[in-house]
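Q: need a 3D model of the following:
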Amino acid sequence: MAKPTVLGLDELDRNLKKLDDAVTGRHLGNAALVGAKPITNEWKESMSREPTTIRTGQYKRSVHQRLVETSAELAVVEIGTDIDDPPYPRFLEFGTSKMKPRPKARPAFDTKHEQAQKEFRVAFKGLIEGAL
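A: Residues are numbered from 1 along each chain as shown. Next up, the predicted model:
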């Protein structure tokens, strides 16, 4: 009885290794940062539409995104502001007992999260196609 022979396993193994290297770690993180950009941009642009939130521009300049964590299967991006003292971005977002809320972060997420997912998928697809 004839034994079956499978050809190309070495090539398949090399291609799977290249694919794994291309879509993990910092590469996955970069794709996640690309995905977060529409939300970050919308947050900043929404401030320009309401001039009372950008008297000095410090709040707008403080909005940033950064890669918090990466692993083989995970990339976590934080979109936020680095203003803590006084925490006036929080006051603007949620209001105070004497000021109504003027949210920017949540509306930016609500309006741009689908675009963010799309941008991430496009970037991730590019990683896969670049590896093959």
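Q: what ranges do the helices span in this structure?
A: 9-22, 25-49, 58-62, 88-94, 105-131 (DSSP state H).
Q: now for the shortest one, which elements pack on it?
A: For helix 58-62, the packing partners by 3 or more Cβ pairs under 8 Å, 6 or more residues apart in numbering; DSSP states H and E come out as helix 25-49, helix 88-94. Yep, even glycine has a C-beta here, placed from its N, CA and C like the rest.
Q: and the worst-scoring helix or strand of the chain on mean pLDDT, how far out from the chain middle?
A: Within the chain, no helix or strand scores below helix 9-22, which has a mean of 79 by mean pLDDT, DSSP states H and E. Between the centre of helix 9-22 and the centre of its chain there are 27 Å (Cα atoms, centre = their mean, to the nearest Å).
Q: how about stretch 110-129?
A: 9 Å.
Q: quick revisit: touching the least confident helix or strand of the chain from outside, list them.
A: Residues outside helix 9-22 that contact it (Cβ atoms under 8 Å, 6 or more residues apart in numbering) are H27, A72, L127, I128, G130, A131, L132.
Q: let's see 10 Å
A: For helix 9-22, the surrounding residues in contact (Cβ atoms under 10 Å, 6 or more residues apart in numbering) are 6, 8, 27-28, 72, 124, 126-132.
Q: now swap in stretch 97-106 and tell me
A: Under Cβ under 10 Å, 6+ apart, the answer for stretch 97-106 is 39-40, 42-47, 49-50, 52-53, 59-60, 63, 79-81, 89-95, 110.
Q: gap between the residue nearest to the spatial centre of the chain and A2?
A: The centre of the chain sits closest to A36, judged by Cα atoms, centre = their mean, with a distance of 2.6 Å. For A36, the distance to A2 equals 55 Å [Cβ to Cβ, to the nearest Å].
Q: do the same with L16
A: 28 Å.
Q: name the residue in those two with the higher neighbour count.
A: Taking other Cβ atoms under 10 Å, L16 and A2 do not tie; L16 has more neighbours (11 against 4).
Q: not counting its neighbours along the chain, what's nearest N41?
A: K112 (7.8 Å; Cβ to Cβ, 6 or more residues apart in numbering).
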